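A.B. asks: what's the 3D shape of this:
(one chain, ligands or ions: 3)
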Amino acid sequence: MVEKSAIRILVLDDEPFMLKLLSHMLAKLEFTSVMTCDCGRVALESFDSPNGPPELILLDLNMPEMDGVEFVRHLVERLFTGSLILISGEDERMLQAAVKLVQAHKIPVLGHLHKPVKPEELAELLEKWTAPSLGSPRAAKKVYGADEVRAAIANGELVNYYQPKVAVATGKVVGVETLVRWRHPQDGMVFPDQFIGVAEANGLIDDLTRVVLDGALAQIKSWEAAGLTLRVAVNVSMDNLISLDFVDFVATQTAAAGVSPKSVVLEVTESRLMQDTRAALEILTRLRLKRFKLSIDDFGTGNSSLAQLRDIPFDELKIDQSFVHGAWANKTLRAMYDASLSLGRQLDMEVVAEGVEDLDDWHLLSLTGCDLAQGYFIARPMPADELSGWIKVWQVRLAEELLVVKERS
Ligand code: C2E
Ligand code: CA
Ligand code: CA
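C.D. replies: Numbers count the residues shown, from 1 in each chain. Ligands and ions are numbered 1, 2, ... in the order given. Predicted coordinates:
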């Protein structure tokens, strides 16, 4: 166990009063290895002392000489490995912007505090930080190599999970999204963020998509045989949209499986800026001509969301989860959510809200008339054979909680 008193903390603020106040609060919380500094330049110089750089910095954003954002840039240059708490008298949006900026540099931010700082808020942030990390450093996420991912695809270690999409007005389960998982023989369940990027970077994404699509098509048939008609979505990477063969490949597989293209939704993410969008445009337009359904995923997070909406005939718009969860209580998120919903409406698209995590989120969708909902509140992604059991449970929940809630409101 690391003692709180051994954690090296730096408080950086140009106001001497704040320095005194914060170190007093820290001392009360038993953090006693605290250094204070009223200027960024001097703080950086202190990193070269025998003690080395601090493990945690409480950083004021507004400082006359070197401001907090500039200070962060110096931290990045020095490969700073500690964490930050941002402090400012600025409004919430300004603080959130600063937090995002620091996180983009891969420096962990424990949180932000408004001036005047309340001791209990500081205590809460520090509690969150020390509780899991004392004594047991978090295990780093494993990064897999191209050969491992190639072998996983070849050996059939990838499995499809499915997450329901439900109609908000009626609760009806209209479809599912296919989310790939890797059942690793040693490491257990591995999530896509640990191997999709590797597959894309090493020319393996076409093979991966083929396996996922084949599995999804077979699944549509077997649900159909059990009396379940579902639209099944598959995620398509921008790297799938480079070669024109992709159209034939999707069309051939779908026909061979005996599935109607109308039952297949292709979810396209726009988070990566494409050098040449002509091929992607052509591929998507041709797939749409063949009656596949096109969905624009993570809407609003990329660089060209509006341009893509203009150029590609999408059937479905998925509002990114970062604009959905908590939008009922946050003015900024709510504006993004409303704008995305209205855009989808005006372009006659079906709108799906992702990241519906609780009843308040669900309520917002219902209030604003969003078409479809997807998220942990409804169901986590699950293996195919759990779906029919889940639907039964869902129907009970609908009758007892959700539709009742709607009637009351
Ligand atoms: P995505 O397409 O945006 O998928 C939604 C992700 O959000 C999934 O993560 C899902 O498990 C998660 N999620 C669902 N509901 C909630 C919620 O209420 N709250 C929160 N916080 N998260 C929720 P997952 O399965 O880890 O997939 C991550 C990403 O990996 C996907 O994001 C998709 O871009 C990519 N991916 C997954 N399967 C495939 C695939 O077969 N091919 C390709 N190219 N990409 C895939
Ligand atoms: Ca998706
Ligand atoms: Ca998404």
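A.B. asks: what's the domain layout of the chain?
C.D. replies: Following automatic domain parsing, one finds the domains of the chain at 4-126, 146-408.
A.B. asks: need those in CSV with mean neighbour count and mean pLDDT, can you?
C.D. replies: Every C-beta, even on glycine, is put in place using the N, C-alpha and C of the backbone. Listed next are those as CSV, based on neighbours: other Cβ atoms under 10 Å; pLDDT from 0 to 100:
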stretch, mean neighbour count, mean pLDDT
domain 4-126, 17, 92
domain 146-408, 17, 93
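A.B. asks: distance to ligand 2 for these - can I get that in JSON lines?
C.D. replies: Shown next, in JSON lines, are the domains of the chain (distance: least, Cβ to the ion, whole Å):
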{"stretch": "domain 4-126", "distance to ligand 2": "22"}
{"stretch": "domain 146-408", "distance to ligand 2": "4"}
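A.B. asks: now these in TSV, with distance to ligand 1?
C.D. replies: Converted to TSV, the domains of the chain look like this (distance: least, Cβ to the nearest ligand atom, whole Å):
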stretch	distance to ligand 1
domain 4-126	16
domain 146-408	3
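A.B. asks: just want the phi and psi numbers for the closest residue to L126 other than its chain neighbours.
C.D. replies: Excluding its sequence neighbours, the residue lying closest to L126 (Cβ to Cβ, 6 or more residues apart in numbering) is L29, at 6.2 Å. Main-chain torsions, L29, degrees, to the nearest 10: phi -90, psi 10.
A.B. asks: pull up the gap between L29 and W129, please.
C.D. replies: 11 Å (Cβ to Cβ, to the nearest Å).
A.B. asks: go on, V393?
C.D. replies: For V393, the distance to W129 - Cβ to Cβ - is 37 Å.
A.B. asks: and E70, by the same measure?
C.D. replies: From E70 to W129 the distance is 24 Å (Cβ to Cβ).
A.B. asks: and what of E90?
C.D. replies: Distance, E90 to W129, using Cβ to Cβ: 23 Å.
A.B. asks: beyond the helix ranked longest in the chain, next helix or strand please.
C.D. replies: Taking DSSP state H as the criterion, the chain has its longest helix at helix 205-225. Sequence order places strand 231-236 as the next helix or strand after helix 205-225, per DSSP states H and E.
A.B. asks: what are the contacting residues of the following helix or strand past that next one?
C.D. replies: Downstream of strand 231-236, the next assigned helix or strand under DSSP H and E is helix 245-257. For helix 245-257, contacts defined as Cβ atoms under 8 Å, 6 or more residues apart in numbering pick out 206, 210, 213-214, 217-218, 220-221, 240, 260-261, 264, 266, 283, 286-287, 290, 292.
A.B. asks: what residues are up against the residue nearest to L126?
C.D. replies: L29 touches 4, 122-123, 126, counting by Cβ under 8 Å, 6+ apart.
A.B. asks: now render the residues you listed as CSV, adding distance to V174 and secondary structure.
C.D. replies: Listed next are those as CSV, based on distance: Cβ to Cβ, whole Å; DSSP: H, G, I helix; E, B strand; the rest coil:
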residue, distance to V174, secondary structure
K4, 52, helix
L122, 47, helix
A123, 46, helix
L126, 46, helix
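A.B. asks: out of those residues, which one sits closest to P50?
C.D. replies: Using Cβ to Cβ, K4 is the member of the contacts of L29 that lies nearest P50, at 21.5 Å.
A.B. asks: name the SS class of the residue nearest to that closest one when sequence neighbours are not counted, please.
C.D. replies: Spatial nearest neighbour of K4, chain neighbours left out: E30 (4.6 Å); criterion: Cβ to Cβ, 6+ apart. Following DSSP: H, G, I helix; E, B strand; the rest coil, the label given to E30 is coil.
A.B. asks: what does the stretch 151-300 of the chain put close to ligand 3?
C.D. replies: By Cβ under 5 Å from the ion, the residues of the stretch 151-300 of the chain that approach ligand 3 are 297-298.
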